[in-house]
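Chemist: Model the structure of this input:
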Amino acid sequence: MRDRASPARLLIADDSAPVRKGMRAMLAREPDLEVVAEAADGEEALRACRSSRPDLILMDVRMPKMDGLEATRAVKAEYPKTAVLIVTTHESPGYLLDAIRAGAAGYVLKEATRRELLGAVRGVLGGESPLDQELSARLLRRLAAGDGSRPHPPPEPPGERQESPAGSLTARELDVLALLATGKTNRQIARELHLSLSTVKGHLERLISKLGVSDRTQAAVKAVERGLLPNRGGE
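Modeler: Down below sits the predicted model:
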């Protein structure tokens, strides 16, 4: 576990040197954050992860040799506790879903403001999964419509429970799940449902356990793919 008294260790992976320089300059002004390494492609990002052991990687998608999604899968396979935040120009629900499935904890666009990017970085480090909310809404609409371009979830292995986990979720947990699936943060969920932050975190921990997933982002995708969320009409 990272010592909270020391700065979080960050790795910037982007094939653009000016982008890496700009991110480093921005992050250098934050006393709780420290850039410990940079990488210009996915293979270099994986090597840098092995040598510097960052807490968080800011990962571009399109990079040579190994793209950001493949690099994310490789990093999470070797270092599951290392978080990955996708920072990209690609405003695509498809990329967002692929990033989530690769193990990314969050997805923000490079056009995000400094405040938004820093909020996403600290959100991931705090255990949240910040997602671009417009992209999240588009992704959910596409999944809910049964877009055939996305693979359906695999069938349950023989001998495992076949019933939907929806029956084991309480009404309040479904409320939290619905807001989670739109990309809202814990704090936003707490405000909307008039709950304390600790209560929301407790609901999320139980949701993750009941759905058999590893994090809140995976819970949102599983909820939509399995039809656990209410139909919100034109949203």
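Chemist: Would you mind listing where this structure has pLDDT under the threshold?
Modeler: Within the chain, the stretches with pLDDT under 70 are 1-4, 129-167, 183, 214, 229-235.
Chemist: Can you show me the helices along it?
Modeler: 17-28, 42-52, 68-78, 93-102, 114-125, 133-144, 171-180, 186-193, 197-211, 216-225 (DSSP state H).
Chemist: what's the angle from the shortest one to helix 197-211?
Modeler: Think helix 186-193. Inter-element angle recorded for helix 186-193 and helix 197-211: 100 degrees (by axes from the mean of the first three to the mean of the last three C-alpha atoms, to 10 degrees).
Chemist: what's the neighbour count on the nearest residue to P7 once chain neighbours are set aside?
Modeler: Closest residue to P7 in three dimensions, ignoring its sequence neighbours and counting by C-beta to C-beta, 6 or more residues apart in numbering: E34, at 3.9 Å. To be clear about C-beta, it is placed using only N, CA and C from the backbone, and glycine gets the same treatment. E34 has 15 neighbouring residues, counting by other C-beta atoms under 10 Å.
Chemist: E205 too?
Modeler: A count of nearby residues for E205, using other C-beta under 10 Å, gives 12.
Chemist: Then R114?
Modeler: For R114, using other C-beta under 10 Å, the count is 10.
Chemist: Show the contacting residues for it.
Modeler: M26 (C-beta atoms under 8 Å, 6 or more residues apart in numbering).
Chemist: Look up how far A120 lies from it.
Modeler: 11 Å (C-beta to C-beta, to the nearest Å).
Chemist: With S198 instead?
Modeler: Where A120 is concerned, S198 sits at a distance of 22 Å (C-beta to C-beta).
Chemist: Over to L10?
Modeler: Distance from L10 to A120, by C-beta to C-beta: 12 Å.
Chemist: same thing with V224?
Modeler: Taken as C-beta to C-beta, the span from V224 to A120 is 22 Å.
Chemist: So which of these two has more stuff around it?
Modeler: A120 (26 against 19).
Chemist: give the contact list for that one.
Modeler: So A120 contacts 85, 106, 108, 112, 130 (C-beta under 8 Å, 6+ apart).
Chemist: pretty sure the residue nearest to P7 contacts L11?
Modeler: No. If you go by C-beta atoms under 8 Å, E34 and L11 don't touch, sitting 10.5 Å apart.
Chemist: where do the contact lists of these two overlap?
Modeler: What both E34 and L11 touch, as defined by C-beta under 8 Å, 6+ apart, is an empty set.
Chemist: and the nearest residue to A48 once chain neighbours are set aside, what does it touch?
Modeler: In this structure, A48 finds its nearest non-sequential neighbour in A37, 4.2 Å apart by C-beta to C-beta, 6+ apart. Residues in contact with A37 (C-beta under 8 Å, 6+ apart) are 11-12, 48-49, 51-52, 54.
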